[in-house]
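Novice: no FASTA, just this:
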Ligand code: SAT
Ligand code: MN
C-alpha cells in the first residue's frame, strides 16, 4: 500500500471516527492503517496485492476484464448462524430465534480474541453508506477490517470511500461502528495463507449500541458488515424504533405492454432465487422487468401513505451455481462486463470461471478446492454457495429509479420459500394482517447459504429468520402495527409464491425462471381488479384460466397440481404453525393466533 496513513495523518477530523480507529488499532495492533478512498488506483493496489498473496487469480482480461477468482478455506464458505449473536442488554429482547450473550461478557470474550489479532496485517478503514449518500438521513458505517478481500468486496457491494468520509466529517454524522478480523495474526516473517480465517467465529450485533463485531470468517454475510449485519440485523432494530421496515427482499419494476408500471418487493430465504426473480427476463410478450435490488429493501411509509422502498446496496452477491443464459441472462451480462469477484467456483485453464449449471463445461478445470476437475469428476467443481460479487451499475436492466433516494412505491409484497408440497404456485392474502400471518409462518427447505443440513423444512418468517435483530414476536407485532397505523388501502397487497412444488416423481410442477412473469402478470392484474381468483381456506388462488399460459409448455394437470390447495396437507401444517407460535409466548401478537384459528376453521368448514 502506498497510501499507508497513521491515525495522526487521518483524512478526517470527525472525532468519533478517529477515536474508533485509534481504539481498535490499539487493541488489534495492525502493522499499518489504510484509510480507503474507493478510487480505481486503490482497487488496483488491493487486487494486485491479493493476486500476490495467492488469494486472487486474475481472470483473462479478454474474457472477464478486471475480474478475479478466489477460493476460500474449505471451512469458511457460508454464514454461520450458530455463531451469530444478538447481544441485547436484556435477553428478552433477543428472543427465541437468535443466540444471546450478555453484551459485556461478549465484549470481554471478543476483546480477548481481538487482542493483537491484526498483527502483521493492514487495518483498512472503510467509510461506507448503506443507501444513498444524499438520502434525507444517510445511513453511515465505518468497517475496520484486516482483510483486503473484504475491502475489495465492500467496494463492489456498498457506496464507500473519500466522498462518504467527507460527508460524514461535514455532518459530524453518527455511524455504525463495525469491526472485522479474519483472526489470523502473522508473526514476523510468517508467510500468509491464501484465505486466512480462524476456527473460532463470532458474528455479533449489539442492537442498542448499533455496533457490529465480527471475528474469524472472511465469507460474505459474516464479513461484509454493511450487508446482513447492518442493513438487516441492526437496521431492523432502527426500523422498529423509527416505524419503518428493513427486509430481506428484492425490488423489481414491472411494466405491462400498455405501459402500466408496478413495483414489487419479494422475500425469499437465501439461495431461493431472489436474484433470478429480480432480473427476470419475461417470457410473455410485451412485459418488461427492471431491477432495483436483489437482496435487501428498506421501506418507509411516505407522506402519500404508500410504502416506499430503496435498495441500500451497491452490488449483487449472487449464488453462482445454476446461473446461466437461460435462468438469468441479465446476471450473465452483468458479470461478463467484468469488475467482479468470484468465490468458490471452478477456475478454467483459459482463465475463466465455471460452475455447475453454466453452459459448455470445460474439459479440465481447477475445482474450488484447488483440485484437478473434469466433467467426469465425482465432486462438484464449485461449492453450492459459491458467489459472484458484481457492481449493480453494470446491470443493463437496472431501473433508473435506483438512483432516487426516495425509492419506489411498492404495489405488492411476495413471500416465498422452497416447498416440495402443500404450498401452491401463488395465492393472495386476504388483507395486511393475514399477509403478516403468511410471512410469519413462511417455511422453506434449508439451502447451502448457511452452514448446516440442506433440505430440511424450517419456518423462516419473512425470510428473516437469521436476520431479525430483536425478538421475532416483537417483529411480527411491528408488521401488524405498520398495517394498523396506516391506510391499508394504500399499502401493498401481499402474496405467497412457491416455484418449487414437485410431482410424485420429484419433477418440478412449474418451469420457473422467465415463466414466473406469468405469475407476476396475474398479481398486477389482481391489484388492478382485472384477474379472477377463487377463494380457498388459505387465500385467493388464480381462477381456472386466469393465469396466462399462452405458449407455456405445461399440461393442464400439471398446472392444476401446481395451483391445488389440499386441505389435508394444510391441516398437517397447523400443529407445526401452532408449535412455532408457541415459541414466542406472550410476545406473539394475539391477532396471529386469531389468524391461525381462522385458517383452522376454514379448513374444517
Ligand atoms: O449472507 S450473504 O449475504 O452472504 C448471502 C445470503 O445468505 O443471503
Ligand atoms: Mn440474502
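Specialist: Thanks, I have it. Computed from a prediction, not measured in an experiment: that's the story for all the values here. Ligands and ions are numbered 1, 2, ... in the order given.
Novice: only C-alpha atoms for contact and neighbour calcs from this point on.
Specialist: Will do.
Novice: please enumerate the strands of the stretch 1-150 of the chain.
Specialist: Here the stretch 1-150 of the chain has its strands, by DSSP state E, counting those that start in this stretch, at 32-35, 56-58, 68-70, 84-86, 122-130, 139-145.
Novice: between strand 122-130 and the last one, find me the angle.
Specialist: It refers to strand 139-145. Strand 139-145 and strand 122-130 are oriented at 160 degrees to each other (axes from the mean of the first three to the mean of the last three Cα atoms, to 10 degrees).
Novice: what packs against strand 139-145?
Specialist: On a contact count with 3 or more Cα pairs under 8 Å, 6 or more residues apart in numbering; DSSP states H and E, strand 139-145 meets strand 122-130, strand 176-181.
Novice: what's the angle between the next helix or strand after the shortest one and strand 176-181?
Specialist: Sequence-wise, the next helix or strand downstream of strand 176-181 (DSSP states H and E) is strand 202-206. If you take the same axes, to 10 degrees, strand 202-206 sits at 170 degrees to strand 176-181.
Novice: output the helices and strands packed on strand 139-145 as JSON lines; include the columns mean pLDDT, distance to residue 457 and mean neighbour count.
Specialist: Shown next, in JSON lines, are the helices and strands packed on strand 139-145 (pLDDT from 0 to 100; distance: least, Cα to Cα, whole Å; neighbours: other Cα atoms under 10 Å):
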{"stretch": "strand 122-130", "mean pLDDT": "98", "distance to residue 457": "32", "mean neighbour count": "25"}
{"stretch": "strand 176-181", "mean pLDDT": "99", "distance to residue 457": "32", "mean neighbour count": "24"}
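Novice: turn those strands into TSV, including distance to residue 203.
Specialist: Putting the helices and strands packed on strand 139-145 into TSV (distance: least, Cα to Cα, whole Å) gives the following:
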stretch	distance to residue 203
strand 122-130	18
strand 176-181	9
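Novice: I'd like these as a markdown table, with distance to ligand 1 appended.
Specialist: Putting the helices and strands packed on strand 139-145 into a markdown table (distance: least, Cα to the nearest ligand atom, whole Å) gives the following:
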| stretch | distance to ligand 1 |
| --- | --- |
| strand 122-130 | 14 |
| strand 176-181 | 15 |
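Novice: sec struct for the residue in the chain that ligand 1 sits nearest to, please.
Specialist: Using Cα to the nearest ligand atom, residue 221 is the residue of the chain that sits closest to ligand 1, at 3.3 Å. Following DSSP: H, G, I helix; E, B strand; the rest coil, we place residue 221 in the helix state.
Novice: tell me the contacts of it?
Specialist: 78-79, 227-229 (Cα atoms under 8 Å, 6 or more residues apart in numbering).
Novice: give me the subset of those residues touching ligand 1.
Specialist: 79, 228 (Cα under 6 Å from any ligand atom).
Novice: okay, now residue 593: neighbour count?
Specialist: 16 (other Cα atoms under 10 Å).
Novice: ramachandran angles for it?
Specialist: phi -60, psi -40 (degrees, to the nearest 10).
Novice: contacting residues around the nearest residue to residue 66 once chain neighbours are set aside?
Specialist: Take residue 66 and drop its neighbours on the chain: the residue closest to it by Cα to Cα, 6 or more residues apart in numbering is residue 339, 4.8 Å away. Counting by Cα under 8 Å, 6+ apart, residue 339 makes contact with 64-67, 390-391.
Novice: one more pass at 7 Å, please.
Specialist: 65-67, 390 (Cα atoms under 7 Å, 6 or more residues apart in numbering).
Novice: isn't there a helix covering it?
Specialist: No: counting by three-state DSSP, residue 339 is not found in a helix; it is coil.
Novice: that one and residue 68, how far apart?
Specialist: Going from residue 339 to residue 68 by Cα to Cα, to the nearest Å gives 8 Å.
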